[in-house]
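>>> Just the structure for this:
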Amino acid sequence: MKIINRVIFNSLFPVLLYLVANTSLKAQPAEGETGRDSLSYKRVSVGVNLLDYYGGDMLGMGGSITSPFWDGFALRATGGIHSVETILPGGTNTTFCPFYSIQLGLVMRHFAISPKVACYVEAGAVVIFPNSNITTKSNTEGEYILIGEEIYVTHNKTFFLEAGGVNGQVREDKLPSEPYYAAGLLISTGLRIHL
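Reported below is the predicted structural model:
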């Protein structure tokens, strides 16, 4: 299943990026508005995304809500459901074990690359709710940091791509080798709508 996850994740990013980039080049913001100057900067936004902790092995889905920006800063809450691929104790077959995450961070926005493309930095706390089949802990706290890019498809819809690191430090302590999961590389992509 690792191969299937990697094929889905590695082929989905380029296709989404191409489609959104192609669409955004044709999209025109409302008169007098650009990505950086639009009212979307002053609105609450909600997003849906694909998440990947640790390079293709822990694919997940999530959602986020972002406060309006004030003085270049906003708060963002993100929740996700992920799956870790593993062999359970006493088992011989690979299985997926779901786990959950909640992130609360401060977003520092936004320097514009162009009127339709903007970048941001986000950092904050993450709480991981591990799977009880592979971990004895009920939850683990950590931190994350990422950089992101938003491409304005319309004046209130953006496609985003984020990359960074997460330090969840969750171990599969019911397994003999006790490997870590929910730690390392964090990649996320999705759509955000500014209400």
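
>>> Which strand runs longest in the protein?
strand 94-114 (DSSP state E).

>>> And that strand, what does it pack against?
strand 59-66, strand 73-87, strand 117-129, strand 140-152, strand 180-194 (3 or more CB pairs under 8 Å, 6 or more residues apart in numbering; DSSP states H and E). In this view, the C-beta of every residue, glycine as well, is placed from N, C-alpha and C.

>>> Isn't residue 45 up against residue 195?
Yes: applying CB atoms under 8 Å as the test, residue 45 and residue 195 come out as touching, 6.7 Å apart.

>>> Please say which of these two ends up with more neighbours.
residue 45 (23 against 10; other CB atoms under 10 Å).

>>> quick one: contacts for the more buried one?
By CB atoms under 8 Å, 6 or more residues apart in numbering, the contact list for residue 45 reads 65, 66, 158, 192, 193, 194, 195.

>>> Report the two of these separated the most.
65 and 158 (14.3 Å; CB to CB).

>>> who has more neighbours, those two?
residue 158 (25 against 15).

>>> Identify each buried residue in the one helix or strand the more buried one maps to, please.
Secondary-structure element containing residue 158, defined by DSSP states H and E: strand 157-171. Using 16 or more other CB atoms under 10 Å as the test for burial, strand 157-171 gives 157, 158, 159, 160, 161, 162, 164, 166, 167, 168, 170, 171.

>>> ok, so of the residues you listed, who is nearest residue 127?
Closest to residue 127, out of all of those and judged by CB to CB, is residue 168, at 8.6 Å.

>>> Which residue, other than its chain neighbours, is closest to that closest one?
residue 182 (3.5 Å; CB to CB, 6 or more residues apart in numbering).
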